[in-house]
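Asker: Mind folding the following:
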Amino acid sequence: MSLSTKIISMLLLVLAVLLSLSGWSSVKKEKQMLNELLEGRGKSISHSIAVFCIETLLSEDYPVLNTFLETVGRERDDILSIEVIHNGKIVSDYFAKKKDMPESAMFSSDILFSIEDAGSMPVEKLGEVRLRLSSRENNLIIAARIRELIINTTIIFILLFLTLLLVMRKIILQKVTLLSRHAKLIGEGNFDLRINLKTNDELGKLASAFNNMLDTVINSQKRLRESEEKFRSISASAMDAIIMLDNDGNISYWNEAAEEIFGHLSQEVLGMAGHHVFAPPHYREAYQKGLAEFKKTGKGAIVGKTLEVEGIRKDGTLFPAELSVSSVNMGGKWNAIGILRDISERREAENELAKYRDDLEDMVRERTRDLKAAQEELIGKATDAGIEAGRSQLSAMVLHNIGNALTPLKVCMEEMKTDEPNQAVAYLEKCYADLADHAEQLEYANNDPRGKEVFSYMGSLIGSLTASDDKRSARLDKMDTSVSYISEIITLHQSHAAVGQEIRERTDLNGLIEGSVRMQTGSLEKRGIVLEKNLASDLPKLIIDKNRLMQVVVNFIKNAYEAIDEMEGEDIKKVITIRTFADNRQLGFEITDTGIGIEPDQIHKIFEFGRSQKGSSGVGLHYCRMFVEANRGILDISSPGKGKGATVSVAFKIGV
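Answerer: Numbering: from 1, shown residues only. Below is the predicted model of the structure:
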């Protein structure tokens with residue numbers, strides 16, 4: 001039943017009750033008035049008959065009395081019967097036999113007379129007159145009044161109802177109908193509607209509250225869509241495959257990276273058993289055994305771990321992968337989230353590094369054999385001075401070749417560091433924070449069973465990505481430390497080789513600076529350090545050993561970010577500035593940092609052999625000074641003091 005029908009029914013009921021009460025009260029009053037008139041008439045007639053009966057009863061002339069009663073009864077149509085009682089007996093009576101009037105009223109009057117005796121007039125009761133009058137006339141009048149009342153009441157009822165209906169339709173029903181119609185449209189998803197009721201009554205307030213509710217719902221949906229769009233964008237742009245399995249082990253989510261890695265489209269695999277899609281045959285038996293336990297407890301041998309496994313592509317080829325698995329309880333059932341990274345390129349890079357290492361070892365062995373052969377030849381052909389010169393030349397050639405092998409190795413490792421998907425993790429964390437800030441306004445996240453698991457799902461995703469990247473970064477850092485150590489030992493030996501035997505070549509200083517920076521990009525980004533470059537244009541070429549100069553620049557950049565690492569506090573300015581210049585027949589560069597700095601009276605000590613930071617061989621700055629001075633250069637380090645940063649300046653003479 002609609003609201004308008006209910007309101008109309010209530011109005012009808014109220015009007016009917018009010019009119020019925022009013023009519024009944026009117027009829028009751030009129031009936032009472034007619035009964036009073038009937039009673040007065042009955043008493044008057046019975047009294048007149050009683051007065052006449054006094055003498056006839058005293059004379060006992062009953063025939064006269066009978067004639068009188070009959071005459072009175074015939075003259076009045078409303079008299080049904082008259083009875084005169086004397087000494088307890090009916091001595092005379094009259095009955096209107098021709099009338100059939102069951103409706104009647106009984107009245108009686110005493111027949112009294114007085115006797116004069118000793119100056120007093122005592123009253124004696126001779127008998128009683130009983131008179132029955134017809135009440136049919138009164139009843140007919142009352143019935144007529146009731147009919148008239150019903151007709152009038154009906155007319156008034158209809159008029160009042162129509163009036164109230166028009167008023168209510170104008171004031172209430174139109175607004176209620178408008179509210180109902182808009183509510184139905186909104187329920188069908190049309191959230192752009194607004195209810196325009198510019199009134200200050202309850203319906204106007206209800207419409208205003210309804211509009212405010214719609215605005216809140218729209219804003220909440222907008223924020224939810226934005227959050228979902230962010231998550232979809234992250235998932236779609238992620239380099240790792242993100243796969244979700246339901247409680248039965250069937251695939252319920254398959255992102256674009258999974259499509260690219262495995263070769264299966266999302267619509268092809270959704271609902272399929274996961275182990276038939278991405279697991280090689282030799283894994284499937286163990287997978288089936290672990291699935292039963294996982295369905296009950298959400299635990300398993302690979303849950304919460306990062307493992308190196310094999311995956312199988314759509315074409316049947318196997319590939320190495322790194323897999324992180326976590327569990328999420330959704331709707332009382334355990335679901336699995338897997339993040340799989342194709343490490344084929346990493347394996348190739350590791351193999352390439354191993355090949356570089358093997359080639360380096362082969363090269364060292366080969367050069368060692370050449371060196372021994374050359375030494376034997378020099379021993380037989382040259383003086384002691386010639387032998388020393390030959391040794392210096394061969395040593396410089398061997399060390400230069402080894403340095404050439406180490407340089408691309410370091411560049412390769414820095415590029416691997418730079419390729420880490422830290423930006424994706426940071427973006428995921430930002431989306432997680434945005435969702436948490438608006439959790440109370442997100443109806444989907446609060447009420448929908450799947451929406452409630454969004455935070456758990458994103459947390460597991462962030463944790464798995466972070467753990468995997470940390471593990472990979474740790475291995476690269478360890479390799480980088482080892483290569484840097486080898487490089488420093490080689491540069492130490494290079495410093496003792498004859499300067500005249502260095503492998504000099506025309507070198508672009510700006511290009512060399514760019515290459516050195518690329519080698520340290522991963523370390524700078526990990527620390528959040530801003531690198532500012534101010535490279536002069538049209539610099540002349542510098543004739544120098546390119547690899548050894550690059551080692552010097554890399555050493556200075558490393559010292560700069562390590563000095564920044566020693567700064568304490570939250571609001572630390574982390575900036576390294578590199579400038580190149582050519583003036584006053586000098587070509588060089590400056591590296592300035594905002595690190596810990598050094599006291600002026602301690603600057604001369606930092607070039608001493610063996611002074612080093614943790615993890616260093618202790619030959620870095622000592623070698624740098626030797627190399628710069630051996631190439632007609634000037635190395636200068638300045639600092640305003642502790643905690644105020646430092647500047648390293650290197651300048652080589654040109655054109656002389």
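Asker: The helix or strand harbouring M363: how far from the chain's middle?
Answerer: Element membership of M363 [criterion: DSSP states H and E] is helix 344-381. Centroid separation for helix 344-381 versus its chain: 59 Å, with CA atoms, centre = their mean, to the nearest Å.
Asker: so how far is I151 from R145?
Answerer: Distance of R145 to I151, computed by CB to CB, to the nearest Å: 11 Å. (C-beta placed from N, C-alpha, C; glycine too.)
Asker: Which one of the two is surrounded by more residues?
Answerer: For R145 versus I151, neighbours defined as other CB atoms under 10 Å are more numerous around R145 (16 against 10).
Asker: SS state for that one?
Answerer: Under DSSP: H, G, I helix; E, B strand; the rest coil, R145 falls in the helix class.
Asker: which residue sits closest to it, ignoring its sequence neighbours?
Answerer: Spatial nearest neighbour of R145, chain neighbours left out: E30 (5.5 Å); criterion: CB to CB, 6 or more residues apart in numbering.
Asker: Is that neighbour in contact with A143, as I believe?
Answerer: No - with contacts counted by CB atoms under 8 Å, E30 stays clear of A143, the gap being 11.3 Å.
Asker: Those two: which is more packed in?
Answerer: For the pair E30 and A143, the greater number of neighbours falls to E30 (16 against 11), based on other CB under 10 Å.
Asker: and the next element down the chain from the helix or strand that that one is a member of?
Answerer: Secondary structure from DSSP H and E places E30 in helix 3-59. Sequence-wise, the next helix or strand downstream of helix 3-59 (DSSP H and E) is helix 62-75.
Asker: What helices and strands are in contact with that following helix?
Answerer: Where contact means 3 or more CB pairs under 8 Å, 6 or more residues apart in numbering; DSSP states H and E, helix 62-75 is packed against helix 3-59, strand 79-86, strand 89-95.
Asker: Skip the chain neighbours and tell me the closest residue to K314.
Answerer: Residue nearest to K314 in three dimensions, not counting chain neighbours: G263, with 3.3 Å by CB to CB, 6+ apart.
Asker: what about the one you found, neighbour count?
Answerer: Using other CB under 10 Å, G263 has 14 other residues around it.
Asker: okay but it is in contact with G316, surely?
Answerer: No - in this structure, G263 is not within contact of G316 by CB under 8 Å, at 9.8 Å.
Asker: Could you report the distance from the residue lying closest to L542 once chain neighbours are set aside to D583?
Answerer: Ranked by CB to CB, 6+ apart and with sequence neighbours excluded, the top spatial neighbour of L542 is T507, at 4.9 Å. Counting by CB to CB, the gap from T507 to D583 is 19 Å.
Asker: Also E259?
Answerer: Distance, E259 to D583, using CB to CB: 57 Å.
Asker: These two: which has the busier surroundings?
Answerer: Regarding E259 and D583, a neighbour count based on other CB under 10 Å identifies E259 as having more, with 17 against 9.
Asker: For the more buried one, what is the enclosing helix or strand?
Answerer: Assigned by DSSP H and E, E259 belongs to helix 256-262.
Asker: where's that helix relative to the chain centroid, distance-wise?
Answerer: Distance, stretch centre to chain centre, for helix 256-262: 27 Å (CA atoms, centre = their mean).
Asker: Can you show me the CA trace of that helix as PDB?
Answerer: Presented in PDB, the C-alpha positions along helix 256-262 are these (Å, rounded to 0.1, in the frame of the first residue of the first chain):
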ATOM      1  CA  GLU A 256      48.600  -7.500 -17.000                       C
ATOM      2  CA  ALA A 257      52.100  -8.400 -16.000                       C
ATOM      3  CA  ALA A 258      51.000 -12.000 -15.500                       C
ATOM      4  CA  GLU A 259      49.500 -12.000 -19.000                       C
ATOM      5  CA  GLU A 260      52.900 -10.800 -20.400                       C
ATOM      6  CA  ILE A 261      55.000 -13.200 -18.300                       C
ATOM      7  CA  PHE A 262      53.000 -16.400 -18.800                       C
END
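Asker: Please list the residues outside it that contact it.
Answerer: With CB atoms under 8 Å, 6 or more residues apart in numbering as the test, helix 256-262 has contacts from 235-243, 264-266, 277-278, 311-314, 319, 321, 340, 342.
Asker: Going by residue numbers, what spans are helices in the stretch 451-600 of the chain?
Answerer: 454-495, 509-519, 521-527, 546-565 (DSSP state H, counting those that start in this stretch).
Asker: Quick one: distance of the third one to the chain centre.
Answerer: Yep, that's helix 521-527 we're talking about. Per CA atoms, centre = their mean, the displacement of helix 521-527 from the mean C-alpha position of its chain is 33 Å.
Asker: per-residue pLDDT, L535?
Answerer: The model reports L535 with a pLDDT of 94.
Asker: list the contacts for it?
Answerer: Residues in contact with L535 (CB under 8 Å, 6+ apart) are N510, I513, I578, R579, T580.
Asker: same thing but at 7 Å, please
Answerer: Residues counted as contacts of L535 (CB atoms under 7 Å, 6 or more residues apart in numbering) are N510, I513, T580.
Asker: try A651
Answerer: Applying CB under 7 Å, 6+ apart, the residues near A651 are Q586, G588, G633, I634.
Asker: Looking at the residues you listed, which two lie furthest apart in space?
Answerer: Farthest-apart pair in the contacts of A651 is Q586 and G633; separation 8.9 Å (CB to CB).
Asker: returning to what we had before: how much space between the residue nearest to K314 and D342?
Answerer: Counting by CB to CB, the separation of G263 from D342 is 12 Å.
Asker: I'd like the contacts of L535 laid out as a markdown table, including neighbour count.
Answerer: A markdown table is the format used below for the contacts of L535 (neighbours: other CB atoms under 10 Å):
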| residue | neighbour count |
| --- | --- |
| N510 | 17 |
| I513 | 21 |
| T580 | 18 |
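Asker: from those, which single one is nearest L206?
Answerer: Nearest to L206 among the contacts of L535: I513, at 71.6 Å, using CB to CB.
Asker: Pull up the distance across stretch 339-348, start to finish.
Answerer: 21 Å (CA to CA, to the nearest Å).
Asker: Over to stretch 125-142?
Answerer: Stretch 125-142 has an end-to-end distance of 38 Å (CA to CA).
Asker: residues of that stretch that come out buried?
Answerer: By neighbour count on 16 or more other CB atoms under 10 Å, the buried set for stretch 125-142 is 126-136, 138, 142.
Asker: Inside helices: which ones of these?
Answerer: Mapping those onto helices (DSSP state H) picks out R136, N138, I142.
Asker: pretty sure the last one is touching K31, no?
Answerer: It refers to I142. Yes - with contact defined as CB atoms under 7 Å, I142 reaches K31; the gap is 5.2 Å.
Asker: Any regions of the stretch 201-350 of the chain where pLDDT drops low?
Answerer: 201-204 (pLDDT under 70).
Asker: Show the residue spans covered by the helices in it.
Answerer: Ranges of helices in the stretch 201-350 of the chain, per DSSP H, counting those that start in this stretch, are 202-237, 256-262, 266-269, 274-277, 281-297, 344-381.
Asker: This completes my enquiry, with thanks.
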